[in-house]
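*Asks:* pasting the sequence and the predicted coordinates here, then a few questions.
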Amino acid sequence: MHCFMARDGHKEHSPEEDDRKIRRREKNRVAAQRSRKKQTQKADKLHEEYECLEQENTSLKREIGKLTDEMKHLSDVLKDHEKICPLLHCSMNFVTIPRPDALTSCLPR
């Protein structure tokens, strides 16, 4: 390192050192730009992933709503059926060993 002391007390560098310093600064500037670009791309990718997950979440919530409605409807249908089902009201249902002929005797003719 070739330094020279100026009259004002600051060190002066040789032209080679100044060139090296300029090249180092330029290299650092380019690396910083590359790093910022990479960080921006990563943030963009995360944002896209977030958007996709939000859409999927909305779709799944819609599906849950539809399935809940269907379950309620089927439950109501079952309750209505239980009121009129001959198999549920047949006295033979209380037999511990069900026999095919016992079940058929409860069916309407």
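*Replies:* Sure thing, it's come through. Numbering: from 1, shown residues only.

*Asks:* rest of the way, CA atoms for contacts and neighbours
*Replies:* OK.

*Asks:* beyond whatever helix or strand Asn57 lives in, next helix or strand please.
*Replies:* In the assignment (DSSP states H and E), Asn57 maps to helix 15-84. Using DSSP H and E, the next helix or strand after helix 15-84 towards the C-terminus is helix 86-89.

*Asks:* so which residue is dead centre in the protein?
*Replies:* Nearest residue to the geometric centre of the chain (Cα atoms, centre = their mean): Leu53, 4.1 Å.

*Asks:* tell me the mean pLDDT over the helix holding Asn57?
*Replies:* The average pLDDT within helix 15-84 is 97.

*Asks:* how near is Lys66 to Lys79?
*Replies:* Lys66 sits 20 Å away from Lys79 when distances are taken as Cα to Cα, to the nearest Å.

*Asks:* same deal with Pro86?
*Replies:* When distance is defined by Cα to Cα, Pro86 is 14 Å away from Lys79.

*Asks:* then Glu26?
*Replies:* Glu26 is 79 Å from Lys79, by Cα to Cα.

*Asks:* ok, now Arg29?
*Replies:* From Arg29 to Lys79 the distance is 74 Å (Cα to Cα).

*Asks:* next: Gly65.
*Replies:* 21 Å.

*Asks:* now Cys52
*Replies:* 40 Å.

*Asks:* could you do Ile22 as well?
*Replies:* Noted for Ile22: a distance of 84 Å to Lys79, by Cα to Cα.

*Asks:* go on, Lys21?
*Replies:* Counting by Cα to Cα, the gap from Lys21 to Lys79 is 85 Å.
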